[in-house]
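> 3D, please:
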Amino acid sequence: MEFRVIDRKNLDIPAWEKLTATSSFFHSHQWVDTCVGGLSPGAHGEFLCGYENGHLVAGMPAVITKIFGMKSFYSMPYGTYGEVVMAEGAGGAQRDEFYVHLVKYLKKGRFSRIAITDFDRNFSRLSEPFLSHSESFTHIINLNGDGPHLPPDKSIDRHIRAGLKADTRIVEISTRDHVKEFYNIYEMTEKRHGSIRPLYSKHFFNSILKHLGGTDILYWKSLMYNDRMVGSGIKFIYHDTLFSWQMVSDYEYRHLKPNHVLMFDAIQAGNKAGIKKINLGSSPIYAHSLIDYKERWGGEKVEYDTYISDSWLRRLLSSK
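Reported below is the predicted structural model:
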């Protein structure tokens, strides 16, 4: 196998899209562009590619960041799915050969942090002591294709109907002013959940709008009440999956059930696009109300793997 590290401007887009056509949205070049834009300055995308007879048979997307002289490797940032994607028909031997090249690349790169999120749990084939393993989980709704999804908890239907009866309207997030309103609610939501500071910057959300706005991938809606945004949700529709990536709401207007209304609206859009499953996103193990919300919609817990390696300097700085 020939192993190449390719930057974004030299990437063969049709070949990469063919390779990742049935994988996660987070493997796409669009998500790499979004993350690079949202984390810049100091970020760039790399595509680790394996070729046989000139054909792309394996690939791994990555975003490389550099701050205060420390370089980090993410596949992909913020715990979104990375790991290697294999071409149809490729076998375990080819995956193992790709891993050999990958380990050499990671060790040579002298990264202060390496973070790899493996949803399909294939990376466990690679046993490297410099990578520490932990488990995360998401909730997934598998659709049967027989009409609209009916949540098993009947209270969900009541909440949706109550929200739809209210004097509200659903609008698309399409301007930087919309993002500003969204970010105000996002900050409130983060504080309500006990976060010391928001995980994402406003710049990152503007990058989502810049790179994905107007595409069939992004489904970013908000619920408005008296010209005030009371809730919003960022969803991605890719291949056969609707990814519910970020949901925020104004607690003062919780009686309007913005999360329920926007989820219902997104599922309807996903059904029209032919989705077969809904990924409700990861949850912290202590977020009992969030987990309960997802299970009430019919989400089933699915575990996946994360791998982290921090340099001694990175560990020292994070302990202070």
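> check which helix or strand covers Ala115.
strand 113-118 (DSSP states H and E).
> mind listing the strands that strand pairs with, and their directions?
Strand 113-118 has the following sheet partners, assigned by DSSP bridges: strand 70-75 (parallel), strand 300-310 (antiparallel).
> which one, of those strands, ends up nearest to Ile160?
Among the strands paired with strand 113-118, the nearest to Ile160 by CB to CB is strand 300-310 (20.6 Å). Yep, even glycine has a C-beta here, placed from its N, CA and C like the rest.
> can you give the distance from the closest one to the centre of its chain?
13 Å (CA atoms, centre = their mean, to the nearest Å).
> which other residues reach that strand?
Here strand 300-310 makes contact (CB atoms under 8 Å, 6 or more residues apart in numbering) with 79, 81, 106, 111-121, 123-124, 130-142, 295, 318.
> next step: those restricted to strands.
113-118, 132-142 (DSSP state E).
> now these: which count as buried?
113-118, 136, 138-141 (16 or more other CB atoms under 10 Å).
> between the residues you listed, which is nearest Val57?
For those, the nearest to Val57 is Asp118 (18.6 Å; CB to CB).
> is the closest one in contact with Glu83, as I believe?
Yes - in this structure, Asp118 is within contact of Glu83 by CB atoms under 8 Å, at 4.2 Å.
> break down this structure into its strands, ranges please.
Using DSSP E, strands in the chain cover 2-7, 43-52, 55-67, 70-75, 85-86, 113-118, 132-142, 168-172, 218-225, 228-238, 241-249, 277-282, 300-310.
> who wins for proximity to Lys210 among these?
strand 218-225 (10.6 Å).
> what packs against the closest one?
Strand 218-225 makes packing contacts with strand 168-172, helix 176-192, helix 202-212, strand 228-238, helix 258-273 when contacts are defined by 3 or more CB pairs under 8 Å, 6 or more residues apart in numbering; DSSP states H and E.
> so what touches that strand?
Contacts of strand 218-225 from elsewhere in the structure, counted by CB under 8 Å, 6+ apart, are 163, 166-173, 178, 181-182, 208-209, 212-213, 229-237, 242, 253, 256, 258, 261-262, 265-266, 269-270.
> residues contacting the closest residue to Thr34 other than its chain neighbours?
Counting by CB to CB, 6 or more residues apart in numbering, the nearest residue to Thr34 once its immediate chain neighbours are dropped is His211, at 4.4 Å. Contact partners of His211, counting by CB under 8 Å, 6+ apart, are 30, 33-34, 37.
> what of Leu256?
Contacts of Leu256 by CB under 8 Å, 6+ apart are 163, 166, 168, 223, 225, 230-231.
> kindly recompute the last result at 7 Å.
163, 166, 168, 223, 225, 230 (CB atoms under 7 Å, 6 or more residues apart in numbering).
> gap between it and Gly163?
6 Å (CB to CB, to the nearest Å).
> what's the answer for Met247, then?
As judged by CB to CB, Met247 and Gly163 stand 14 Å apart.
> now Asn184
In this view, Asn184 and Gly163 are 21 Å apart by CB to CB.
> and His139, by the same measure?
From His139 across to Gly163, the span is 21 Å (CB to CB).
> likewise Val230?
From Val230 across to Gly163, the span is 10 Å (CB to CB).
> excluding chain neighbours, what is closest to Ala266?
That would be Lys235: by CB to CB, 6+ apart, it lies 4.6 Å from Ala266.
> quick one, what contacts that neighbour?
Lys235 is in contact with 219, 242-245, 266, counting by CB under 7 Å, 6+ apart.
> out of those, which are buried?
For these, buried by 16+ other CB under 10 Å: 219, 242-245, 266.
> tabulate the residues you listed (TSV), appending pLDDT and distance to Phe68.
Listed next are those as TSV, based on pLDDT from 0 to 100; distance: CB to CB, whole Å:
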residue	pLDDT	distance to Phe68
Tyr219	98	36
Leu242	97	38
Phe243	98	32
Ser244	97	34
Trp245	97	29
Ala266	96	39
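> right, I'll leave it there.
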